[in-house]
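In: Predicted model and sequence below, questions to follow.
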Amino acid sequence: MPRSPADRRQYVMQMPPVPDPDQRAIDGFLDAIWAESGLAPPTLASYRRDLEGFARWRNLRDGGLAAADRETLFRYLAWRAAQGYSPRSTARLLSAWRAYFGWCVRQGSRADDPTALLEPPKLPRSLPKALAESQIDALLAAPDVATPLGLRDRAMLELMYAAGLRVSELVDLPATAVNLRQGVLRVTGKGSKDRLVPLGEESQHWLERYLRESRPQLVGKHNVENLFVGAERKPPTRQQFWMLVKRYAAVAGIDPAKISPHGLRHSFATHLLNRGADLRALQMLLGHSSLSTTQIYTLVAREHLSKLHARHHPRG
């Protein structure tokens, strides 16, 4: 049985291709749900991966998606468990199934929704990992700002920490999102919802330098929409940006393995709460649709205060 992610990818590559009827159905569903709900591209991409993976498995065994019933879904979940898939990836799969089969019922291609009685797996509640403020300072100072790309990287790191951006929000920013005169940034987050985030003096300073000194060299005479670009006038991908973060972490003396993809965003939220920020204001800054999502950071803040108390109080 393939257990590691690399083994599973190799195993999936050996599966039959997605049948044409299923591929057309998945394409139609993604087009429809994008038009209805305005889901972000990463969400649409994860739905596609999950549905195409299920369709390949179905093709290998009992036919296409149209005939899938509740028993089939349970058998697929059992197969995934045997392959070592995590509860979190299974929860994401159930979200894709619910959206897809719900759409099938609404458009009349199915009479029933086989996900109706499926319960999502219970996920462990893991606390976000935030860097210490001194580590953030060292990380932000790591790029060589004497080079165009180094100055770009400094501006990206400063902006991500100052505004609490998601990685996808950062790399997809258009140049028109920045208003240096008012010191704000317009961010399009999940569900295509816009929010205004203050830049702060430091990030505004590095953005101004990047726009004045670095971006003109990287863009040349071309008209480029994205705010942050590389040597080929293309924005860095999420994967490329996080490779940069890990590289700068090593320069700053931080273990790269201890920096998560959301590390700077988590640090932004945790440091604000530690300094007395209001939870509702933090919810708006992070672009969370539900306050319960933001409240997990209060656990991190309480943990920080407990450690301070234990370290410094005479009876701690």
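Out: The structure has been received and is ready for your questions. Numbering: from 1, shown residues only.
In: Quickly list the domain ranges of this structure.
Out: Dividing the chain into domains by automatic domain parsing, as the record does, gives the ranges 5-107, 133-312.
In: mind putting those domains in JSON lines, mean pLDDT, mean neighbour count and distance to residue 115 included?
Out: In this view, the C-beta of every residue, glycine as well, is placed from N, C-alpha and C. Formatted as JSON lines, the domains of the chain follow (pLDDT from 0 to 100; neighbours: other Cβ atoms under 10 Å; distance: least, Cβ to Cβ, whole Å):
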{"stretch": "domain 5-107", "mean pLDDT": "82", "mean neighbour count": "16", "distance to residue 115": "5"}
{"stretch": "domain 133-312", "mean pLDDT": "81", "mean neighbour count": "17", "distance to residue 115": "21"}
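In: Now distance to residue 114 too, for those domains, in TSV please.
Out: Formatted as TSV, the domains of the chain follow (distance: least, Cβ to Cβ, whole Å):
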stretch	distance to residue 114
domain 5-107	4
domain 133-312	26
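In: Would you tell me which of those gets closest to residue 116?
Out: Closest of the domains of the chain to residue 116 is domain 5-107, at 7.9 Å (criterion: Cβ to Cβ).
In: Report all helices and strands that the host helix or strand of residue 241 contacts.
Out: Take DSSP states H and E as the rule and residue 241 turns out to sit in helix 238-251. Secondary-structure packing of helix 238-251 (3 or more Cβ pairs under 8 Å, 6 or more residues apart in numbering; DSSP states H and E): helix 133-140, helix 148-163, helix 167-171.
In: Not counting its own residues, what contacts that helix?
Out: Contact with helix 238-251 is made by 139, 142-143, 153, 156-157, 167-168, 170-171, 230, 236, 255-256, 258-259, 261, 263-264, as judged by Cβ atoms under 8 Å, 6 or more residues apart in numbering.
In: Same check on stretch 195-215?
Out: Contact with stretch 195-215 is made by 145, 148-149, 151-152, 154-155, 158-159, 161-165, 178, 180, 183-187, 189, 227, 229, 284-285, 287, as judged by Cβ under 8 Å, 6+ apart.
In: Where do the helices of the protein begin and end?
Out: 5-13, 20-37, 41-61, 70-83, 87-107, 133-140, 148-163, 167-171, 201-209, 215-219, 238-251, 263-274, 279-286, 291-312 (DSSP state H).
In: relative to helix 41-61, how tilted is the second one?
Out: Here the directions of helix 20-37 and helix 41-61 differ by 160 degrees (axes from the mean of the first three to the mean of the last three Cα atoms, to 10 degrees).
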